[in-house]
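Engineer: Provide a 3D model corresponding to the input given below.
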Amino acid sequence: MPSKIDNLLGAMRWVLPEQKAAILDHNAERGLIERPVVDEEEFGEMCFRIYDSTQYDYAITVKYFVPQKGQLGTLEKTWGVVREINPEKKQFKLVSDWEAQWINVEDLVGVTK
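Structural biologist: Model prediction:
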């Protein structure tokens with residue numbers, strides 16, 4: 001059974017809109033992290049693996065940053081084969097068994113085979 005502190009907005013009878021917004025912002029920021037810094041050498045290796053996946057048709061695991069609020073966000077992890085690279089938008093298309101998604105190259109955190 002959840003405690004009243006977990007359901008703070010439901011436990012309070014009267015909440016000002018400003019208070020509600022502040023509480024929701026605080027709860028939203030609790031699980032967020034800052035954008036990780038990737039050095040130039042790691043970034044070059046990740047780009048090489050992405051390009052290699054298009055040439056030799058093998059799956060890679062991609063870990064990338066998803067911005068939520070300013071420079072705060074979450075890390076997502078997915079896998080698939082790179083089918084297309086768009087150099088103008090700096091994105092690549094990662095296709096797995098159940099979905100296809102475009103990922104920004106600037107958001108990359110890690111790429112493994």
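
Engineer: Spell out which residues sit in contact with the spatially most central residue of the chain, please.
Structural biologist: Of all residues in the chain, the one closest to the mean position by C-alpha atoms, centre = their mean is residue 66, 2.7 Å from it. Residue 66 sits next to 73-76, 107 when contact means C-beta atoms under 8 Å, 6 or more residues apart in numbering. From N, CA and C alone the C-beta is placed, and that goes for glycine too.

Engineer: Check those and tell me the two furthest apart.
Structural biologist: With C-beta to C-beta as the measure, no two of these lie farther apart than 74 and 107, at 11.1 Å.

Engineer: Between those two, which is the more surrounded one?
Structural biologist: residue 107 (20 against 12; other C-beta atoms under 10 Å).

Engineer: so the more buried one makes contact with residue 64?
Structural biologist: Yes. Using C-beta atoms under 8 Å, residue 107 is in contact with residue 64, at 4.5 Å.

Engineer: which residues in the protein form helices?
Structural biologist: For the chain, applying DSSP state H gives helices covering 8-11, 17-30, 40-56.

Engineer: And the second one, how far out from the chain middle?
Structural biologist: When distances are taken as C-alpha atoms, centre = their mean, to the nearest Å, helix 17-30 is centred 22 Å away from the chain's centroid.

Engineer: same for it, what does it pack against?
Structural biologist: Identification of packing neighbours for helix 17-30 by 3 or more C-beta pairs under 8 Å, 6 or more residues apart in numbering; DSSP states H and E yields helix 8-11, strand 60-69.
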